[in-house]
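Chemist: What follows is a predicted protein model with its sequence.
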Amino acid sequence: MTTPLSMTSFGRGQQAANSRTWTIEIRSVNHRFCDIKIRLPRKYGALEERIKKEITDSYSRGHVEINIGYSGEEEGAVLLKTDLALARQYRNCLIELYDELGLSSLPDLAMIAGFKEVISAEDREENLDETWLEGIRPALAKALDECMRMRQAEGANLKEDLMGRLISITASAAKIEKMIPRLIDEKRASLEDRLNAILEGIEIDQSRLAQEVAIIVDKADVTEELVRLKSHIGQFEKFLNLDEPTGRRLDFLLQEFLREINTLASKITNSEVAYLAVEIKNELEKMREQVQNLE
């Protein structure tokens with residue numbers, strides 16, 4: 001038996017690669033659509049689509065936040081460059097000052113190197129494919145695995161709760177169904193008594209009277225609503241056991257549940273049925289809150 005997935009999760013993954021340790025954290029909560037927010041160092045922006053692809057392979061719905069960072073620095077990540085032409089110009093200028101001002105010593109290497117832009121640092125062009133395969137992707141996979149375990153555990157708890165409430169609704173519907181024949185007979189007898197009292201002393205076609213009573217009683221029959229309710233219960237249980245996202249379908253079914261119960265309650269003015277209808281509505285409301293968290 002399969003387990004539905006919750007949209008609520010947290011996962012953390014780390015991966016060491018090239019003197020760096022990549023850390024990725026994923027947080028997700030319920031959302032009508034798949035809404036993905038990725039935060040990563042700017043120079044790795046070109047990898048965002050790859051990251052998003054990995055996320056959409058795991059999530060079909062939900063608000064998902066991914067935070068990506070690293071500690072340490074890759075060996076050789078910074079390159080030092082020497083501007084020899086500029087250094088010569090600085091040296092010639094210093095020698096000229098030495099000659100003109102009669103200074104005690106010639107300019108040394110440390111002095112020339114200290115001038116701006118003689119020695120400069122720049123980031124080495126990084127191999128993004130290597131960074132993705134060796135660092136970011138493995139860390140992302142670990143975070144997603146952790147999220148999946150949490151989603152499965154939460155989904156199993158939600159399924160257990162929903163099945164329990166579905167059993168309660170089924171029992172209440174069975175009670176109503178068992179009461180229907182008696183309620184219809186009582187409705188027919190009550191109508192006949194009232195009409196006989198109103199029409200006392202007035203000649204009327206009894207067959208026509210019986211026909212009208214039958215029409216009125218038929219409008220109070222909720223057999224169709226109960227049949228559809230049973231069908232919805234069967235579909236709901238079937239969707240819960242599918243190995244695919246069914247949260248939207250379950251939410252739609254709950255709306256149909258509520259429609260049938262409202263119709264049923266409006267057709268039968270009986271305190272016992274009204275009580276059972278309210279109990280079913282309470283269960284449906286709690287189920288709808290739970291279903292909002294299923295993918």
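Modeler: Done, it's in. Residues are numbered from 1 along each chain as shown.

Chemist: Would you state the strands of the stretch 51-200 of the chain in chain order?
Modeler: For the stretch 51-200 of the chain, the strands defined by DSSP state E, counting those that start in this stretch cover 62-72, 78-82, 119-123.

Chemist: which of the ones you listed is buried the deepest?
Modeler: Ranked by mean neighbour count, those are led by strand 62-72 with a mean of 18 (mean count of other C-beta atoms under 10 Å). Where C-beta positions appear, they are placed from N, C-alpha and C, glycine not excepted.

Chemist: Send me it as PDB with only the CA atoms.
Modeler: Included here for strand 62-72 are C-alpha records, laid out as PDB according to Å, rounded to 0.1, in the frame of the first residue of the first chain:
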ATOM      1  CA  GLY A  62       4.500  23.200  -2.600                       C
ATOM      2  CA  HIS A  63       6.500  26.300  -1.700                       C
ATOM      3  CA  VAL A  64      10.100  25.100  -1.700                       C
ATOM      4  CA  GLU A  65      13.000  27.200  -0.500                       C
ATOM      5  CA  ILE A  66      16.600  26.100  -1.200                       C
ATOM      6  CA  ASN A  67      19.600  27.800   0.500                       C
ATOM      7  CA  ILE A  68      23.000  26.900  -0.900                       C
ATOM      8  CA  GLY A  69      26.400  28.000   0.500                       C
ATOM      9  CA  TYR A  70      29.900  26.800   1.100                       C
ATOM     10  CA  SER A  71      32.800  27.100   3.500                       C
ATOM     11  CA  GLY A  72      36.500  27.100   2.600                       C
END
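
Chemist: looking at this protein, which helix or strand does the model trust least?
Modeler: One helix or strand of the chain scores below all others by mean pLDDT, DSSP states H and E: helix 206-219, with a mean of 54.
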